[in-house]
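Novice: Structure of the sequence below:
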Amino acid sequence: MSHLNKRKSRLIFTTSDTIRYKGRDREVVVEVTPFIATCRLAGTRTRYEMSWSGIFQHAARVFADKQRAERKAKRKGQL
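Specialist: Sure thing, here's the model as predicted:
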């Protein structure tokens, strides 16, 4: 596996996830750079940037929220 900052070519990939936007289903396109990831919908120009640390923090928050909800549901089931 190589580091992103050593890549010589651009890394762009299209996911299989689709989002309905302006009446059409559009795939999510991710452009990878060493410090940020840029997401956009196929066929659009609007881009959203997020740092890799921000992506990790968001994923950790989602994981913690899921665990908290599971514990809460378990407690309600025991009462």
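
Novice: With adjacent residues omitted, what lies nearest to the residue positioned nearest the centre of the chain?
Specialist: By CA atoms, centre = their mean, the chain has its centre lying nearest to Ile55, at 6.7 Å. The spatially closest residue to Ile55, leaving aside those adjacent along the chain, is Ala37, at 6.4 Å (CB to CB, 6 or more residues apart in numbering). Yep, even glycine has a C-beta here, placed from its N, CA and C like the rest.

Novice: correct me, but the residue nearest to the centre of the chain touches Phe35?
Specialist: No. If you go by CB atoms under 8 Å, Ile55 and Phe35 don't touch, sitting 11.5 Å apart.

Novice: Is the residue nearest to the centre of the chain within a helix or a strand, and which one?
Specialist: helix 52-78 (DSSP states H and E).

Novice: Next, the buried residues of that helix.
Specialist: Residues of helix 52-78 include none that count as buried (16 or more other CB atoms under 10 Å).
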